[in-house]
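Student: need a structure here:
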Amino acid sequence: MTLFALILGYFMGAIPTAYIAGRLLFGRDIREMGDGNMGAQNAFRQLSPKVGVAVGVIDAAKGAVAVMLAQWSGLSQFGVMAAGITAIAGHNWPVFIGFRGGRGEASTIGIFLVLLTQPFLIVAGPAALVLWWKKNVTLASAVLFVSLPLACWWLRLPWVLIFYSMSLPAMVGLTHLLRLRQSQAVAARQA
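Tutor: Model prediction:
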């Protein structure tokens, strides 16, 4: 059952929401637009704010549903957390379009909303205020992801969940760093 949940999590995450939206609505490949990222932020900027928000909600739902299905199937806490990781891996490296996806930020948010509901809701308010005030997704995400482990610790959640609340954002950050280095290398070769 665990292996099935992990595979299902990966394939749910691998549904290329921004790519599908770009192709269906505009006949364009989102990976060839803006920063080339296949996520909600690039969809927001390149396709439209409405499409970007819809992509973000769907991407968050992919992560949330992956862990909910793992929970409902009776997996251990580690199995449920692993299903979340595979959903992010699917989003970041989707098999359907050449393993080039997004960063996993929205999927991570969906996972945290399900697994860390109370601490997530505590820190989501300040993060939303930063987003509204500064209009900067990266800064708002930093507020959310840096303060979440502190809220988990303050609420005395088990150490494994505190570690998880740090690990998923680290995965998002690592993916962002790898993509940034790849795009810089491409730009240097083209110059």
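
Student: contacts and neighbour counts: CA atoms only from here.
Tutor: Fine.

Student: who does the host helix or strand of residue 181 touch, helix- and strand-wise?
Tutor: Secondary-structure assignment from DSSP states H and E places residue 181 in helix 159-190. Helices and strands touching helix 159-190, as assessed by 3 or more C-alpha pairs under 8 Å, 6 or more residues apart in numbering; DSSP states H and E, comprise helix 77-92, helix 105-115, helix 137-154.

Student: how about a cut-off of 7 Å?
Tutor: Applying 3 or more C-alpha pairs under 7 Å, 6 or more residues apart in numbering; DSSP states H and E, one finds that helix 159-190 makes contact with helix 137-154.

Student: ok, residues contacting the helix it packs on?
Tutor: Outside helix 137-154, the residues within contact range by C-alpha atoms under 7 Å, 6 or more residues apart in numbering are 119, 120, 123, 124, 127, 128, 130, 131, 162, 165, 166, 169.

Student: cool, and stretch 12-27?
Tutor: Contacts for stretch 12-27 (C-alpha under 7 Å, 6+ apart): 28-30, 38-40, 43, 47, 55, 59, 62-63, 66, 87-88, 90-91, 94-96.

Student: Show me these that map onto helices.
Tutor: Among the contacts of stretch 12-27, the members falling in helices (DSSP state H) are 40, 43, 55, 59, 62, 63, 66, 87, 88, 90, 91.

Student: okay, those in a markdown table with pLDDT next?
Tutor: Output for the ones in helices among the contacts of stretch 12-27, formatted as a markdown table (pLDDT from 0 to 100):
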| residue | pLDDT |
| --- | --- |
| 40 | 93 |
| 43 | 94 |
| 55 | 97 |
| 59 | 97 |
| 62 | 97 |
| 63 | 97 |
| 66 | 97 |
| 87 | 97 |
| 88 | 96 |
| 90 | 96 |
| 91 | 95 |
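
Student: Report how many residues lie close to residue 124.
Tutor: Residue 124 is flanked by 21 other residues according to other C-alpha atoms under 10 Å.

Student: Where does it sit, in terms of helix or strand?
Tutor: helix 117-134.

Student: Quick check: which helices or strands does that helix pack against?
Tutor: Checking 3+ C-alpha pairs under 7 Å, 6+ apart, helix 117-134 ends up next to helix 137-154.

Student: mind checking how far the helix it packs on is from the chain centre?
Tutor: Distance of helix 137-154 from its chain centroid, counting by C-alpha atoms, centre = their mean, to the nearest Å, is 14 Å.

Student: now stretch 7-24
Tutor: Worked out by C-alpha atoms, centre = their mean, stretch 7-24 lies 12 Å from the chain centre.

Student: please renumber so the chain begins at 8
Tutor: Right, with 8 as the first residue, what we last looked at is stretch 14-31.

Student: distance of residue 34 from residue 43?
Tutor: Remark: distance between residue 34 and residue 43 (C-alpha to C-alpha, to the nearest Å) = 16 Å.

Student: Sounds good, over and out.
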